[in-house]
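A.B. asks: Sequence and predicted model, in that order:
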Amino acid sequence: MKQFFAPDGPFMKFFSTFFDLVLLNLITIALCIPVITAGAALTALNYSILKIVRKEEGYLVKDYFKSFKNNFKQATLLWIPMMIIFIAAMLEMYLLRFHPEGISKSAAIIFGIIFILIYLMCTWVYPLLSHFYYDSIFEVLKNSFLLMLSQFPRTLAMAILFAMPVVLFFYKPGFMLAFDLILGLSFPAFLSAHLFDTVFAAMEPDDETSGDEVEEEQKVIDKLDQEIKKSNN
């Protein structure tokens, strides 16, 4: 029993992980409120969650905001069109329910398929962006699309994990509102990280580091290269 409650025992590990997930969830929700920053917030969430899953030591909040800052531009460029599509999807659902005559069935089916594809891709977009360095957002989208297809069972599982808090909200709004505020984003991300971690590990070279670390190392290399050129001159 003493081992169970020891600092490195199962209970304390569970409590520590639970506290970290709650903290990350609250920070992410706060940063999603401005809407435009939601993409960077989701990227930072995935960055920090994967560190928890891999049991990598670090400063949770500091690492979160580091990822948020480093990936803000690309994450926002990816988020804006996706946000527009999600808003259009909600509008379509509203029309289908309350004004079905305002939209044709064929258009609704086509747009529904596009929305599902975008949503499935999103399950990979922000984890990829958080962990790997990309020169352009087109590379992120290409790799997300390929992973969506090649890892479809994982993709479907991750999509269900993130959709469940939203779907269940309509059945148990009071309970799910409390759950969503506490763990609505971080817990699905935590479970999803266990699914994509092995995929990412297979994609990493032996000396692979996270995206922002690669960028920092490249800056150091460039600086050393400039100093060598100056000394030669």
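C.D. replies: Now that the structure is in, tell me what you want to look at.
A.B. asks: worst-scoring helix or strand of this structure, pLDDT-wise?
C.D. replies: The weakest-scoring helix or strand in the chain, judged by mean pLDDT, DSSP states H and E, is helix 211-232 (a mean of 57).
A.B. asks: So, low pLDDT: which residues of this protein?
C.D. replies: 1-9, 206-233 (pLDDT under 70).
A.B. asks: just the helices in it please.
C.D. replies: 10-32, 38-53, 60-70, 72-98, 105-131, 137-150, 152-169, 173-183, 186-203, 211-232 (DSSP state H).
A.B. asks: Next, work out how far apart Leu168 and Lys13 are.
C.D. replies: 27 Å (C-beta to C-beta, to the nearest Å). In this view, the C-beta of every residue, glycine as well, is placed from N, C-alpha and C.
A.B. asks: rewinding a little: would you format the helices of the chain as CSV with mean neighbour count included?
C.D. replies: As requested, those are exported to CSV (neighbours: other C-beta atoms under 10 Å):
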stretch, mean neighbour count
helix 10-32, 16
helix 38-53, 25
helix 60-70, 18
helix 72-98, 15
helix 105-131, 18
helix 137-150, 16
helix 152-169, 15
helix 173-183, 14
helix 186-203, 18
helix 211-232, 11
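A.B. asks: Centre of the chain to stretch 61-73, how far?
C.D. replies: 12 Å (C-alpha atoms, centre = their mean, to the nearest Å).
A.B. asks: again, but for stretch 50-63
C.D. replies: That offset, for stretch 50-63, works out to 15 Å (C-alpha atoms, centre = their mean).
A.B. asks: One more: stretch 137-157?
C.D. replies: For stretch 137-157, the distance to the chain centre is 13 Å (C-alpha atoms, centre = their mean).
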